[in-house]
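Trainee: got a sequence here, can you model it:
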Amino acid sequence: MITAKGITKSFPGLQVLKGVDLQIDKSEIVSIVGASGAGKTTLLNVLGTLLRPDGGTLEIDGVDPFRLSDRKLSDFRCTSLGFVFQFHHLLPEFTALENVMLPALIAGSTKAKARQRALELLSEVGLSARIDHSPSELSGGESQRVAIARALVNSPSVLLADEPSGNLDSVTREDIHSLFFRLRERFGQTTVIVTHDSALASMCDRSLTMKDGQFV
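Mentor: Numbers count the residues shown, from 1 in each chain. Next up is the predicted model:
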């Protein structure tokens, strides 16, 4: 599903990624661990096409995203990739249901289809009773569940998560960890998780360690 070869990325005065190679199979859940500054989030942003690498190649589900036009790359990112961040980034003026619907509407879905898909996903993450609540009315764990549902609304082949449970208490954190695996069984998406949480890393099919811009 994901093949990266020789990925390099530098910022002024600092080389962050130093020739990263990575291969991840369809429906695999892989964690990337390592100290702060090792390059984990930078790599995740390259895999998510949010950053363009300086060198190397990337293929996702048979597509080289960096050979696409800006418009097609934007469409690819919207429909093929799902993102979950440490802070859920829900839009405060919208309900949980509307937040989940939004990427589907952006991708061109009808309102009726977007609503139906969002309702199904909110049920999958256990929030059927909270669909009309705004983010300010949701707990941290509930907000992150909404964010996960939003990431899956366009049925992406790849889900990318950056410290998805880093801002949660221990009980809620365990629930979110289990949710990723239940959703994989349900939808079969490939998942890459950057985390400092050793418990989450140990649950994954593989755990890869980064140090100084490379896997070790």
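
Trainee: count the residues that sit near Asp21.
Mentor: Asp21 has 12 neighbouring residues, counting by other CB atoms under 10 Å. All C-beta atoms are positioned from the backbone trio N, CA, C, and that covers glycine.

Trainee: looking at this, it is in a helix?
Mentor: No - counting by DSSP: H, G, I helix; E, B strand; the rest coil, Asp21 is not found in a helix; it is strand.

Trainee: hmm, it is touching Gly6, no?
Mentor: Yes - using CB atoms under 8 Å, Asp21 is in contact with Gly6, at 6.7 Å.

Trainee: tell me which stretches of this structure form strands.
Mentor: Ranges of strands within the chain are 2-11, 14-24, 29-33, 55-60, 81-84, 158-162, 190-194, 206-211, 214-215, based on DSSP state E.

Trainee: how close does Glu120 sit to Ser202?
Mentor: 30 Å (CB to CB, to the nearest Å).

Trainee: which one of those two has more residues nearby?
Mentor: Neighbours were counted for Glu120 and for Ser202 using other CB under 10 Å; Glu120 has more, 14 against 10.

Trainee: contacts for stretch 131-144 next, please.
Mentor: For stretch 131-144, contacts defined as CB atoms under 8 Å, 6 or more residues apart in numbering pick out 84, 88, 90-97, 99, 118-119, 122, 127, 130, 146, 164-165, 167-169, 172, 175-176.

Trainee: that stretch: end-to-end distance?
Mentor: End-to-end distance of stretch 131-144: 14 Å, with CA to CA, to the nearest Å as the criterion.

Trainee: perfect, I'm done here.
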